[in-house]
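1. with the input below, show me the fold.
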Amino acid sequence: MSWQDEQQDKGEASHEEEQNGAGQWYSSFYQNDGSDMPPVVFPMDRQEGGEVKKASKKKKGLLIALSIFLAFALLIGSAAGGAWIVSSLNAEQRDNSLSPVGGGNSALGGDVYSAESAASYDYATVSATIEKNDGAALGSARYGSAGDSVKTPMEVAAEVKDSVVEVMTTVTSARGAVSAGAGSGVIIHADGVIVTNHHVVDGSDNVYVRLTNGNTYEAYVRGVDEDGDIAVLKITPKETLTVARLGYSAALKEMEEVIVIGNPLGQLGGTITHGYISALDREIPFDDGITRRLLQTDAAINGGNSGGGLFNMAGELVGIVEAKYSAVGVEGLGFAIPIDTAYTSIGNLLSLGYIPGVPSLGVKIVDATISSFPFSYAVVSVSDPKDSSAFAKNDIILSVDGTSVSSVNAVKSVLRSHKIGDSVSVVVSRGRDNVTLSVTLVQYIPADMA
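-> The predicted structure is shown next:
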């Protein structure tokens with residue numbers, strides 16, 4: 001029996017899921033048609049035509065959200081528990097006047113400068129010039145990662161605030177709807193190299209960066225680390241940039257004083273909040289199947305802060321803001337990627353453009369939906385078989401290594417337990433037949449790097 005016949009036979013009983021919310025991992029988000037919003041474009045991630053892609057998974061009664069929210073959206077889903085929320089911002093505007101590069105674009109705040117030669121920039125050489133505190137000269141551990149070089153929060157804010165930028169992205173659907181969202185980023189090299197979160201730029205057609213002086217730049221995405229949630233961007237600046245100094249997060253101490261700088265709500269770029277390190281090594285599971293070890297802080301984090309900076313009292317960047325936990329009665333649970341962890345990803349992305357050691361099926365796969373009235377089914381489809389002798393265009397991947405899959409994330413989750421060079425069994429639906437393939441895993445290299 002073919003896959004299509006099996007799905008039809010299963011019918012409603014196998015297709016419907018309980019949606020009572022209790023004990024679910026799910027995405028919590030806010031969307032707006034733009035009618036009550038100012039003329040500002042907020043980039044959106046993980047969206048197509050204004051619809052956020054959701055993923056759910058049961059996990060200890062908590063609710064995890066890898067999407068973006070506005071301030072009052074914190075209460076969505078709270079009756080069933082709390083939500084882990086990736087702190088970017090989602091909104092939708094229908095604005096057919098958007099022009100990606102050029103002058104006079106009011107939606108992007110004036111002139112937008114192009115990325116020019118960013119694609120041909122010598123990233124490998126620059127990778128070796130980005131300095132980072134290795135902890136050797138910290139001296140006293142009394143002030144944790146700040147060593148003996150402690151400043152006041154006001155002094156730190158004045159020193160580093162211009163190193164944090166607003167990141168804006170847009171996605172245009174086939175029907176002309178512009179999905180937009182906002183996040184933050186941190187300048188780590190004077191030539192315009194910027195670090196942010198992968199989820200901030202994921203799925204975007206265009207990425208822009210706005211500096212604190214108001215200048216807006218088209219940004220080139222050098223590379224992304226999906227598992228580490230890190231992305232490296234490049235702009236071609238017209239001015240001298242303020243560059244963040246990278247600290248040594250391994251020396252952070254609980255109750256060490258920190259500040260967070262970012263772009264909450266996609267409109268309040270340069271917002272500074274203050275707090276302390278609450279915990280050093282939290283294991284946080286996300287709905288992409290990854291568990292990350294993050295820093296916990298009570299400094300206020302809101303939608304749009306993703307990719308922003310967590311700074312110690314020496315004025316050093318010690319973390320990249322990523323997420324917060326939100327529920328009624330819960331405050332001050334924000335999380336950041338330690339800079340020691342992010343630094344490894346940054347180095348690989350600059351020197352290679354990708355993360356070495358990540359296995360792949362060697363073909364481009366996409367999330368898709370198959371409709372068989374009255375039901376619809378989420379599937380993984382091969383959109384570009386490249387030179388593969390095994391896969392064919394529009395193959396539907398049913399299982400990998402004996403595990404049923406219905407999303408790209410599910411495929412990646414299975415592949416994480418393998419290494420490059422391993423052979424895995426892949427079952428695909430091709431026409432009316434199910435075909436079993438033996439596939440040798442290869443290094444994942446983005447299409448524009450291959």
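2. any chance you could map the helices in this protein?
-> 3-15, 123-127, 153-160, 198-201, 339-351, 408-415 (DSSP state H).
3. in CSV, list the ones you listed along with mean pLDDT, distance to residue 370 and mean neighbour count.
-> In this view, the C-beta of every residue, glycine as well, is placed from N, C-alpha and C. As requested, these are arranged in CSV below (pLDDT from 0 to 100; distance: least, CB to CB, whole Å; neighbours: other CB atoms under 10 Å):
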stretch, mean pLDDT, distance to residue 370, mean neighbour count
helix 3-15, 52, 8, 12
helix 123-127, 91, 40, 15
helix 153-160, 97, 50, 16
helix 198-201, 94, 27, 28
helix 339-351, 96, 35, 22
helix 408-415, 90, 15, 19
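4. mind putting the ones you listed in TSV, distance to residue 398 included?
-> Formatted as TSV, the helices of the chain follow (distance: least, CB to CB, whole Å):
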stretch	distance to residue 398
helix 3-15	6
helix 123-127	39
helix 153-160	50
helix 198-201	28
helix 339-351	32
helix 408-415	11
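5. among these, which is nearest residue 244?
-> Distance to residue 244, taken as CB to CB, is lowest for helix 153-160 among the helices of the chain, at 6.2 Å.
6. coming back round to it: out of the helices of the chain, which gets nearest to residue 325?
-> helix 198-201 (16.1 Å).
7. for that closest one, C-alpha coordinates in CSV please.
-> Output in CSV follows, covering the C-alpha atoms of helix 198-201 (Å, rounded to 0.1, in the frame of the first residue of the first chain):
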residue,chain,number,x,y,z
HIS,A,198,19.8,32.6,13.4
HIS,A,199,16.1,32.8,14.2
VAL,A,200,16.1,36.5,13.7
VAL,A,201,17.1,36.2,10.0
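8. pull the distance from that helix to the chain's centre.
-> 3 Å (CA atoms, centre = their mean, to the nearest Å).
9. ok, and what's touching stretch 341-354?
-> With contact meaning CB atoms under 8 Å, 6 or more residues apart in numbering, stretch 341-354 is reached by 123-124, 126-127, 130, 132, 188, 193, 195, 222-225, 228, 230-232, 246, 249, 293, 319-320, 355-356, 443-446, 449.
10. which among those residues count as buried?
-> Neighbour counting by 16 or more other CB atoms under 10 Å classes 123, 126-127, 130, 132, 188, 193, 195, 222-225, 228, 230-232, 246, 249, 319-320, 355, 443-445 among those as buried.
11. what's residue 322 in contact with, if anything?
-> Applying CB under 8 Å, 6+ apart, the residues near residue 322 are 86, 87, 197, 229, 292, 294, 306, 335, 336, 337.
12. you'd agree residue 259 is up against residue 311?
-> Yes - between residue 259 and residue 311 there is a contact under CB atoms under 8 Å: 5.2 Å.
13. which one of these two has more residues nearby?
-> Set side by side, residue 259 and residue 311 show more neighbours around residue 311, with 32 against 22, by other CB atoms under 10 Å.
14. partners of that one in the sheet?
-> residue 259, residue 317 (DSSP bridges).
15. cool, residue 404 as well?
-> residue 399.
16. need the pLDDT of it.
-> Looking at residue 404, its pLDDT reads 91.
17. ok, now residue 173?
-> With respect to pLDDT, residue 173 scores 80.
18. quick revisit: identify the contacts common to residue 259 and residue 311.
-> Contacts common to residue 259 and residue 311, judged by CB under 8 Å, 6+ apart, are residue 156.
19. excluding its backbone neighbours, what's nearest residue 349?
-> Distances taken as CB to CB, 6 or more residues apart in numbering put residue 223 closest to residue 349, at 3.7 Å, once the chain neighbours are dropped.
20. likewise for residue 430?
-> residue 395 (5.4 Å).
21. check contacts around the one you found.
-> 381, 382, 385, 428, 429, 430, 435.
22. could you pick out the longest strand of the protein?
-> strand 271-285 (DSSP state E).
23. now it against helix 153-160, angle please.
-> On the basis of axes from the mean of the first three to the mean of the last three CA atoms, to 10 degrees, strand 271-285 is oriented at 90 degrees to helix 153-160.
24. same for strand 271-285, what does it pack against?
-> With contacts defined as 3 or more CB pairs under 8 Å, 6 or more residues apart in numbering; DSSP states H and E, strand 271-285 has these neighbours: strand 257-262, strand 291-297, strand 334-338.
25. outside of the second one itself, list whatever touches it.
-> Yep, that's strand 291-297 we're talking about. 228-229, 249, 252, 258, 260, 275-286, 310, 318-319, 322-323, 333-338, 341.
26. mind checking the pLDDT average for it?
-> The pLDDT scores in strand 291-297 average 94.
27. what's across from residue 442 in the sheet?
-> Applying DSSP bridges, one finds that residue 442 bridges with residue 360.
28. how about the contacts made by the residue nearest to residue 403 when sequence neighbours are not counted?
-> Nearest residue to residue 403, sequence neighbours excluded (CB to CB, 6+ apart): residue 414, at 5.0 Å. If you count contacts by CB under 8 Å, 6+ apart, residue 414 has them with 400, 401, 403, 405, 424.
29. for the first one, give its distance to residue 418.
-> As judged by CB to CB, to the nearest Å, residue 400 and residue 418 stand 9 Å apart.
30. and for the third one?
-> Note on residue 403: its distance to residue 418, by CB to CB, is 11 Å.
31. so, low pLDDT: which residues of the stretch 251-400 of the chain?
-> For the stretch 251-400 of the chain, the stretches with pLDDT under 70 are 373.
32. that older thread, quick one, phi/psi of the residue nearest to residue 430?
-> With angles defined as degrees, to the nearest 10, residue 395 sits at phi -60, psi 140.
33. near the residue lying closest to residue 142 once chain neighbours are set aside, how many other residues are there?
-> Spatially, and ignoring its direct neighbours in sequence, residue 142 is nearest to residue 148 (7.4 Å; CB to CB, 6+ apart). Close neighbours of residue 148, defined as other CB under 10 Å, add up to 12.
34. you'd agree residue 148 is up against residue 137?
-> No - assessed by CB under 8 Å, residue 148 is found out of contact with residue 137, at 9.7 Å.
35. okay, now residue 279: neighbour count?
-> Residue 279: 12 neighbours (other CB under 10 Å).
36. now do the residue nearest to it when sequence neighbours are not counted against residue 339, distance only.
-> Among residues not flanking residue 279 along the chain, residue 296 sits closest, at 4.0 Å (CB to CB, 6+ apart). Per CB to CB, residue 296 is found 15 Å from residue 339.
37. and if you look at residue 294?
-> From residue 294 to residue 339 the distance is 12 Å (CB to CB).
38. repeat for residue 443
-> For residue 443 relative to residue 339 (CB to CB), the value is 26 Å.
39. same question for residue 370.
-> Taking CB to CB, one finds residue 370 at 43 Å from residue 339.
40. give me the neighbour count for the nearest residue to residue 316 once chain neighbours are set aside.
-> The shortest distance from residue 316 to any non-neighbouring residue, by CB to CB, 6+ apart, is to residue 247 (3.0 Å). Residues near residue 247, counting by other CB under 10 Å, number 29.
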